[in-house]
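Asks: Quick one: sequence plus predicted model below, questions after.
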Amino acid sequence: MRDMPEGMAPASRVRVGMRLALSKSGAIACVAISALALGVATTASALDIELIDVAPDRVERQRHFARGELPLAATPRLDQLDERLKSLDLASGRAIYIRIFKAESELELWMQNSGGTFTRLATYPICHWTGSLGPKLKEGDKQSPEGFYTVGTPQTRLVGRWRRAFNLGFPNHHDQLLNRTGSYILIHGGCSSVGCFAMTDEVQEEIYGLARAALSKGQDRFQVHVFPFRMTPENLQRHAEHEWAHTWNDLKPAYDSFERTRVPPRIALCGVRYKVADGLPGETGSDERRLPLLRQASADARAIDPHAVIDANGNWVAPPCEFEDEAKRREFYAGSEIAVAGTPVAAPIVSTPTPSASTITLNTPTTEAPESAKRSLAARGLTREAAASDVESTSGSRVRRIQQSAKPTRRESGPAQRDAAPSVDGFGSATFRASQRLTATGG
């Protein structure tokens, strides 16, 4: 997709072409949006908007952006960030957590409060994203991903057009196991995208600032969870016949866990399945860049295919693996009620309830590392400052030290190695041979 020129004035001339694909029928209609509909004149320069069966508000927001009608509707008061934080008893530097909902074109930013759970600071309208509901499968498909990603400091240090952006880290470990390919999937400014989430410059300035502050004050990584839609029973029923409906069952436990606890959940992999455990107050989700692989917990669990999503009757099959402390986490919430948005929500019932005892009080954000992080760094002979810093002073001059990590190799599945044509793996995702992957051109 050709990006809109930067700095385009509200009265600039632009022609917009929209490609609309109807997912159920497979029919494709090409629609040209007239200059009258946009309120601007036409020119040879064009912006292509690719929409597939969902979120028509993206066209409307592109139109407002082209006219310079910003901020977009429903954007919080960006000029009152300090007041908004104070009213919620939050502070810049506290840990953050981000949820994205594609169908609603919304990004939520949550911050850790003094009780150790998370409070929603804002819901921002997403100006533009491309593709449709469902995961990103391969480089160049113009699809925005779905799943669970973590962002650390190296992913916020970008050069080029989008300085105030961060890389989601697609493909994550789960995507790699399924041979999904892609690169440079960002949350950035502007209102044009090829697989990324474009937030407008003003909104991204706020999100990026809070993200950098959280990382600099002690949060190792923050989680970004990308959902096809708000995973309510009504929405799941509405999309029950969708080709990717069976895989969304793996995303829903993370959505439900946060709705219940207001703490980002712990996430790992059971085979190629996402496995979720409730977060505990004071936690911020996984600090790991690569999703850990869990082992199946018992002989009964080993009898279940860790790749299976639905059984012969069409029912969702829970991943058979367990976290080491999963039972403890269930017990923590058992028999208690957790106030979510002012409404008591019943916690899951387990056989041996224990009281959800302590309220964890967090002080004002500090650069001091958590004890667990200190112990981990000490074992490697490092201090937090030495490990986290990317700039050091030498003889009065500042020398930039670039931290690089080895790029993980992607595993090819058996069928993808043998067959020339794309096949479908046990999880329902297309797999491709290395020779069939497209050259990386960015998200």
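Replies: Perfect, I can see it now.
Asks: where in the stretch 301-443 of the chain is pLDDT low?
Replies: Along the stretch 301-443 of the chain, segments meeting pLDDT under 70 span 301, 335-443.
Asks: now do 50
Replies: For the stretch 301-443 of the chain, the stretches with pLDDT under 50 are 339-426, 429-443.
Asks: and what of the stretch 151-300 of the chain?
Replies: In the prediction, the stretch 151-300 of the chain carries no residues with pLDDT under 50.
Asks: where do the helices sit along it?
Replies: Counting by DSSP state H, counting those that start in this stretch, the segments of the stretch 151-300 of the chain that form helices are 173-177, 201-216, 233-238, 245-248, 252-261, 299-302.
Asks: Any chance of the ones you listed in CSV with mean neighbour count and distance to Arg289 as columns?
Replies: Where you see a C-beta, it was placed from the backbone N, CA and C, and this is true even at glycine. Formatted as CSV, those follow (neighbours: other CB atoms under 10 Å; distance: least, CB to CB, whole Å):
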stretch, mean neighbour count, distance to Arg289
helix 173-177, 21, 9
helix 201-216, 20, 13
helix 233-238, 12, 30
helix 245-248, 20, 23
helix 252-261, 20, 18
helix 299-302, 11, 27
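Asks: dump the residue contacts of the closest residue to Lys102 other than its chain neighbours.
Replies: Once flanking residues are discounted, Lys102 sits nearest to Pro228: 5.4 Å by CB to CB, 6 or more residues apart in numbering. Contact analysis of Pro228 by CB atoms under 8 Å, 6 or more residues apart in numbering lists Phe101, Lys102, Ala103, Leu133, Gly134, Glu146, His239, Trp244, Trp248, Leu251.
Asks: Try it again at 7 Å.
Replies: Shown in contact with Pro228 (CB atoms under 7 Å, 6 or more residues apart in numbering): Lys102, Ala103, Leu133, Gly134, Glu146, Trp248.
Asks: picking up where we left off before, mind checking the helices of the stretch 151-300 of the chain for the one nearest to Val276?
Replies: helix 252-261 (4.1 Å; CB to CB).
Asks: Report all helices and strands that that closest one contacts.
Replies: Packed against helix 252-261 by the contact rule (3 or more CB pairs under 7 Å, 6 or more residues apart in numbering; DSSP states H and E) you find strand 273-277, strand 337-340.
Asks: circling back to that earlier point, so which of the helices of the stretch 151-300 of the chain gets nearest Tyr184?
Replies: Nearest of those (CB to CB): helix 173-177, 14.0 Å.
Asks: if we can go back for a sec, turn the helices of the stretch 151-300 of the chain into CSV, including distance to Pro281.
Replies: Output for the helices of the stretch 151-300 of the chain, formatted as CSV (distance: least, CB to CB, whole Å):
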stretch, distance to Pro281
helix 173-177, 27
helix 201-216, 17
helix 233-238, 27
helix 245-248, 28
helix 252-261, 8
helix 299-302, 29
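Asks: Nearest approach to Gly282 belongs to which of those?
Replies: Across the helices of the stretch 151-300 of the chain, closest to Gly282 is helix 252-261 (CB to CB), at 11.6 Å.
Asks: Need the distance between the two termini of stretch 220-238.
Replies: Using CA to CA, to the nearest Å, one end of stretch 220-238 lies 38 Å from the other.
Asks: Counting neighbours, what do you get for Gly68?
Replies: Gly68 sits with 11 neighbouring residues when counted by other CB atoms under 10 Å.
Asks: swap in Ser183?
Replies: By other CB under 10 Å, the residues close to Ser183 number 14.
Asks: hmm, which of the contacts of Pro228 are the buried ones?
Replies: Using 16 or more other CB atoms under 10 Å as the burial test, the contacts of Pro228 include Lys102, Ala103, Leu133, Gly134, Glu146, Trp248 as buried.
Asks: quick one on the thing from earlier: among the contacts of Pro228, pick out the one closest to Pro306, please.
Replies: Trp248 (18.0 Å).
Asks: could you measure the closest one against Ile100, distance?
Replies: Distance, Trp248 to Ile100, by CB to CB, to the nearest Å: 14 Å.
Asks: and what of Glu243?
Replies: 21 Å.
Asks: same thing with Tyr274?
Replies: As judged by CB to CB, Tyr274 and Ile100 stand 16 Å apart.
Asks: More neighbours: these two, which one.
Replies: Neighbour comparison, Tyr274 and Ile100: the larger count goes to Ile100, with 24 against 21 (by other CB under 10 Å).
Asks: Could I get the phi/psi values of the more buried one?
Replies: Here is the backbone geometry of Ile100 (degrees, to the nearest 10): phi -120, psi 140.
Asks: For Trp129, list the residues it contacts.
Replies: Going by CB under 7 Å, 6+ apart, Trp129 touches Lys102, Ser144, Ser193, Phe197.
Asks: quick one: secondary structure of the nearest residue to it once chain neighbours are set aside?
Replies: Closest residue to Trp129 in three dimensions, ignoring its sequence neighbours and counting by CB to CB, 6+ apart: Ser144, at 4.7 Å. State at Ser144, reduced to three classes by DSSP: H, G, I helix; E, B strand; the rest coil: coil.
Asks: my guess is Ser144 meets Leu133, correct?
Replies: No: in this structure, Ser144 is not within contact of Leu133 by CB atoms under 7 Å, at 9.5 Å.
Asks: overlap in contacts of these two?
Replies: Joint contacts of Ser144 and Leu133 (CB under 7 Å, 6+ apart) are Lys102.
Asks: pLDDT score for Trp110?
Replies: We have a pLDDT of 98 for Trp110.
Asks: thought it was touching Ala122?
Replies: No: assessed by CB under 7 Å, Trp110 is found out of contact with Ala122, at 9.1 Å.
Asks: Which one's more surrounded, these two?
Replies: Set Trp110 next to Ala122 and count neighbours by other CB under 10 Å: Trp110 wins out with 24 against 21.
Asks: Contacts only, for the more buried one.
Replies: So Trp110 contacts Ile96, Tyr97, Phe118, Thr119, Arg120, Leu121 (CB under 7 Å, 6+ apart).
Asks: do you know how far the third one is from Glu283?
Replies: So the one you mean is Phe118. 10 Å.
Asks: Tell me which of those two has more neighbours.
Replies: Neighbour count, other CB under 10 Å: between Phe118 and Glu283, Phe118 has more, with 25 against 20.
Asks: Identify the bridge partners of the nearest residue in space to the more buried one that is not next to it in sequence.
Replies: In space, and not counting its chain neighbours, Phe118 is closest to Trp110: 4.1 Å by CB to CB, 6+ apart. Legend: beta-bridge partners of Trp110 under DSSP bridges are Tyr97, Arg120.
Asks: Quick check: Trp110 vs Val224, distance?
Replies: According to CB to CB, Trp110 and Val224 sit 11 Å apart.
Asks: circling back to that earlier point, so of the contacts of Trp129, which ones are in strands?
Replies: Taking DSSP state E as the definition of strands, the contacts of Trp129 contribute Phe197.
Asks: Make CSV from the contacts of Trp129 and add distance to Glu206 to it.
Replies: CSV is the format used below for those (distance: CB to CB, whole Å):
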residue, distance to Glu206
Lys102, 21
Ser144, 21
Ser193, 19
Phe197, 15
